[in-house]
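1. Below are the sequence and a predicted model for it; my questions follow.
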Amino acid sequence: RRQENVEGQFFVDQTCIDCDTCRWMAPATFSRVGRQSAVVAQPADRAGRVQALRALLSCPTYSIHVTNRSPDELREAQEGLPAPGTTTSAEGVYYTGWSAVSSFAGCAYLVVRPAGNILVDVPRYNPVLARRIEALGGVKYMFLTHRDDVGGHEDWARHFRATRILHELEVNEEQATDTAGATGAADGVDDEADVTFIFTPGHTEGHVCLYYAPYKALFTGDHLCSASGKDELYIFNKFNWFSVSEQLRSVHKLLQFDWLHVLPAHGRRAHLRDAAARLAAVSNLLS
């Protein structure tokens, strides 16, 4: 138990890897103290406790604990994941929760669509989340943005008999992605215009983003995010395995598409007001 925690039932232990998951999921309870997360305020009511429990479930290193909780609270927390992925109108876009340390605590998302649902990147495999995803229609495709965040992909693909999509430059035997059912970055899936794969090399050589047109949602993997959860955009210069200059060129390419919601694997989400805000945010990043 970190000494930086306030007294109470919820606490963070020393195994925290500073991934930020709990801090954006339950910001009233968790914050960064030193180089790790800590409980800075105990939840004040049931809603706050359930929110903190969802963060507990989603912690990739099991570093969050609670000394007492009711079965009803836990059930409500479990049933709240997947959670809506945006704060506006994108009811068909969900954040799965249950981050995996094998994917470096990356966020995974579920796109619910008539032609077949898409799981974007990989959450921690567990039967509770699998049942919740089944209730939303299951998974037809698993879209893997790049090689970093694929840990556990085989378990999900096997469970849902899903087709995995990963760019051919990212496929490798070590991660068993050489068994992926589709390995190219095509224009989309199911001959439908709602999904577009956008080749965005930079973070890695074969990184790809997914644009979901009905909700103007851009799933960016490790290509693009917000640093603060507001409307400015950011890239991780220090965590780049191919080319920063190429990554910035790929960011500029994104202006060809009408996205407003940036849903990354790492970093905070961005929700932009309109096309002018999108252009301003990209221009500020590239300047």
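-> All right, it came through fine. The shown structure was predicted, so the numbers you read here are calculated from the model rather than taken from an experiment.
2. okay, now the domains of this structure?
-> 10-79, 83-286 (automatic domain parsing).
3. so how far is the first residue of the last one from its last?
-> Here the two ends of domain 83-286 are set 32 Å apart, with distance taken as CA to CA, to the nearest Å.
4. How far off centre is that domain?
-> In this view, domain 83-286 has its centroid 7 Å away from the chain centroid, taken as CA atoms, centre = their mean, to the nearest Å.
5. same check, this time on the shortest one
-> In terms of CA atoms, centre = their mean, the centre of domain 10-79 is found 17 Å from the chain centre.
6. State the mean pLDDT of it.
-> Taken as a whole, domain 10-79 carries a mean pLDDT of 98.
7. buried stuff in stretch 196-213?
-> By neighbour count on 16 or more other CB atoms under 10 Å, the buried set for stretch 196-213 is 196-198, 200-204, 206-212. Heads up, the C-betas are built off the backbone N, CA and C, glycines and all.
8. TSV for the domains of the chain, including distance to Arg2?
-> Below are those laid out as TSV (distance: least, CB to CB, whole Å):
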stretch	distance to Arg2
domain 10-79	5
domain 83-286	18
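9. worst average pLDDT in those domains?
-> domain 83-286 (a mean of 90).
10. Can you tell me which of the buried residues of stretch 196-213 end up in strands?
-> Among the buried residues of stretch 196-213, the members falling in strands are Thr196, Phe197, Ile198, Val208, Cys209, Leu210, Tyr211, Tyr212 (criterion: DSSP state E).
11. The fifth one is in contact with Ile198, isn't it?
-> In other words, Cys209. Yes - with contact defined as CB atoms under 8 Å, Cys209 counts as touching Ile198 (4.5 Å).
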